[in-house]
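Student: I need the structure of the sequence given here:
(chains A and B)
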There are 2 protein chains.
Amino acid sequence: MALSRLVVDIHTHVYLPRYASVLRSRTAAPRIFSRSAPSGQTEDRLVILDNEPSGGRPIGPQYWDRDEKLKFMDKHGIDISIVSTANPWLDFLSFSAAQTLARELNADLESYCSTSPIISSPSATPLKRLYGFGLLPLVPGAPSASLPSAVTDLAASHPHIRGVILGTRGAGKGLDDPELEPLWAALAETGLVVFLHPHYGVGGQSWGDLDNGHVLPLALGFPFETTTAITRVILAGVLDRYPRLRILLAHSGGALPQLSSRLASCIAHDPVVASRLQHDARWYIGRLYYDAVAYGSAELGFVSDTVGRAARYDQQNGAHKAAVEGERNEGSKRMLFGTDHPFFPPLNDTDKWRSVVENLEAIDSVSGWSAEDKDGVQGGNALTLFNLV
Amino acid sequence: MALSRLVVDIHTHVYLPRYASVLRSRTAAPRIFSRSAPSGQTEDRLVILDNEPSGGRPIGPQYWDRDEKLKFMDKHGIDISIVSTANPWLDFLSFSAAQTLARELNADLESYCSTSPIISSPSATPLKRLYGFGLLPLVPGAPSASLPSAVTDLAASHPHIRGVILGTRGAGKGLDDPELEPLWAALAETGLVVFLHPHYGVGGQSWGDLDNGHVLPLALGFPFETTTAITRVILAGVLDRYPRLRILLAHSGGALPQLSSRLASCIAHDPVVASRLQHDARWYIGRLYYDAVAYGSAELGFVSDTVGRAARYDQQNGAHKAAVEGERNEGSKRMLFGTDHPFFPPLNDTDKWRSVVENLEAIDSVSGWSAEDKDGVQGGNALTLFNLV
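Tutor: The predicted model follows:
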């Protein structure tokens, strides 16, 4: 198969066996516990947040067994997966425990990937089927000075790890914390891709009394959290200071693209921040990467529009240029297929997972994307971003 | 001027003199107070929330003086405004105080509109330059049984009031409160347009320590709040039970359009809600109305895409139909120009307000909208929605 036609899943999670053991040993969230299901059988359940609706969710080997990941990939025609530990990562640990577990899990992940099958490809360097995002001991109380070496060690000695997955809390004060400056510098220097992913949700106080299961925290709280985190990063000038930093946003950037012109307007009208940034807020949209996990083609097309128009906003508050032909195509180059596996399993057994099929169909149906654009989003862009070719 | 070319501003606020007096009499937010400005002059400031950043914002006659509203309209070529009381409406009052003040303010607003100039138009019935959204005494503790008569009295005796502006807290438990059932029934029955508008913000716990002025609460917190409120309304089945209810969403629906396919996916994958609604979540997007206050043409085009595609999702979890030519045009019929005046004034004196110019330019630049679509969004759709023709 031609490299340009490979399907690469860049949003796919694992709880490696060592991590699952830690969760099983715990009595408070995040934890894995066993209970008797209504059917009488024993079932494992995962609770990742306190007071999680519906008593958490079922969990099974698809979270930790590599064969299950490969079977899932085969079933859906996925050639390569860039796997990441699922939330909440190491957030619940002390810094020293997080440091130890990060080191162990990164070694586990490197082995998980490096011993995975080779795909048949015309590439000079044979490609594996699995690559990964590593973990950093970025937990509340993590000393600022410890972060650069964690990043450089990860990059230097784990050839199959091509990025890091990051939650939104940083060292406890969020990602606009000035203490994180050495972290951004090291990440920009190594070229590791930063996968920014939600966990806590934003807005939980506003979900109300009606039992809506996991719908509000997942459909709204998650994207609100990502949107808030990246907006704070932008407002803190991080993207101005680290032009080589590569940040990939979960769930197609949440609400950021739709709120980006409003954000630009609010910045321009607020004396506190109006002169702080080098560019109009919409310029930064074009500096980021987006998974294509939005379940709809209009959403994907729109995200690519906002990425593609970014070049028009390359000066703060300045005269904006007119739209240019091909912006939607240009924007597609920063979008990458993902599945969110093993989350969103089908309610009933089906041949394929609806969540995956919908995301693939969405890419295929974006109005204005060429066949080449679609191939790029399905896999080609990932090969480039993660330096696989 | 042809009716179809009129410019109608449906998102424009007032604090009527009676309301401003109430705010001046208060010592806690919401309040208006006077202070010495750095220049030495006395300035009035508005604080609408506790702990508001930057000590609130400047306020002046543009909030209460009708001549200022008309001057602003003239400067920007706005023929008709459908004015609404700005947040926080009556939320800080007891039910009985809210009932009295609502009655008085609705009478004031009716007079504000009915005595406004007539525009020259070829319409059989001459049109005024001002119409309004009234207030309901929908505050914490409002008895459910009191709401229908408040709605019907408003509709029956205020010919220039064509809708109500509603915050997101309802009678204290949000808009998915089963106690509000008589309210929705009465609103659907009268045909008053419900303008759903944020005030409290969602996500305030997540804005962090960096001083970003009003940017995060306004750019993110406001649209998150609207998104959360309307999602809860949808999940509670309100739109299934009241097909004639007409809800207009502030700020182009916040993040709802971009999160709508994710919402559909989360609903389909959650056993608690998967079978609750009559339609796929995306169907309800096409049942709502959206102001065109998004400051960008890509955003507006995208909202119209999601409105236009809604018809494809007219059965729950069912097979979805393929995209149809002209969906973006169809979707534009539910979008309506607005300014958010007198908020977002220019930082420096300029001939026109950037916030208004950007919203007009955004409408004019939407790719795929015909001249007729643009005229509709600028005013024609409002004439229809508010029964002005």
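
Student: Look up phi and psi at residue A:43.
Tutor: When read as degrees, to the nearest 10, the backbone of residue A:43 gives phi -130, psi 150.

Student: which residues pair with it across the strands?
Tutor: Bridge pairing for residue A:43 (DSSP bridges) gives the partners residue A:35.

Student: need the contact list for it.
Tutor: Contact analysis of residue A:43 by C-beta atoms under 8 Å, 6 or more residues apart in numbering or on different chains lists A:34, A:35, A:36, A:37, A:58. (Each C-beta comes from the backbone N, C-alpha and C, glycine too.)

Student: which non-adjacent residue is nearest residue A:201?
Tutor: Among residues not flanking residue A:201 along the chain, residue A:221 sits closest, at 2.9 Å (C-beta to C-beta, 6 or more residues apart in numbering or on different chains).

Student: What are the structural domain limits within chain A?
Tutor: Per the record, chain A has its domains at A:8-16+A:65-386, A:17-63, by the TED database.

Student: Next up, the contacts around the residue lying closest to residue A:264 once chain neighbours are set aside.
Tutor: Residue nearest to residue A:264 in three dimensions, not counting chain neighbours: residue A:281, with 4.0 Å by C-beta to C-beta, 6+ apart. Residue A:281 makes contact with A:234, A:260, A:263, A:264, A:267, A:313, according to C-beta under 8 Å, 6+ apart.

Student: Likewise for residue A:36?
Tutor: Applying C-beta under 8 Å, 6+ apart, we find residue A:36 in contact with A:42, A:43.

Student: ok, it to residue A:44 distance?
Tutor: From residue A:36 across to residue A:44, the span is 12 Å (C-beta to C-beta, to the nearest Å).

Student: Could you do residue A:284 as well?
Tutor: When distance is defined by C-beta to C-beta, residue A:284 is 41 Å away from residue A:44.

Student: Looking at those two, which has the bigger crowd around it?
Tutor: residue A:284 (26 against 18; other C-beta atoms under 10 Å in any protein chain shown).

Student: Which residues are in contact with the closest residue to residue A:167 other than its chain neighbours?
Tutor: Closest residue to residue A:167 apart from its sequence neighbours, by C-beta to C-beta, 6+ apart: residue A:199 at 5.1 Å. Contacts of residue A:199 were listed using C-beta under 8 Å, 6+ apart, and they are A:48, A:49, A:87, A:88, A:89, A:91, A:167, A:168, A:225.

Student: Is it correct that the last one is in contact with residue A:201?
Tutor: Which is residue A:225. Yes - at 5.6 Å, residue A:225 and residue A:201 qualify as touching, with contact defined as C-beta atoms under 8 Å.

Student: Looking at those two, which is more packed in?
Tutor: residue A:225 (28 against 20).

Student: what's the helix or strand for that one?
Tutor: Secondary structure from DSSP states H and E places residue A:225 in helix A:222-235.

Student: hmm, that helix in reach of chain B?
Tutor: Yes - on the criterion C-beta under 8 Å from any C-beta of the partner chain, helix A:222-235 is in touch with chain B at A:223, A:224, A:225, A:227, A:228, A:231, A:232, A:235.

Student: Just to be sure, residue A:105 is in a helix?
Tutor: Yes - counting by DSSP: H, G, I helix; E, B strand; the rest coil, residue A:105 falls inside a helix.

Student: Now do it against residue B:325, distance only.
Tutor: Distance from residue A:105 to residue B:325, counting by C-beta to C-beta: 51 Å.
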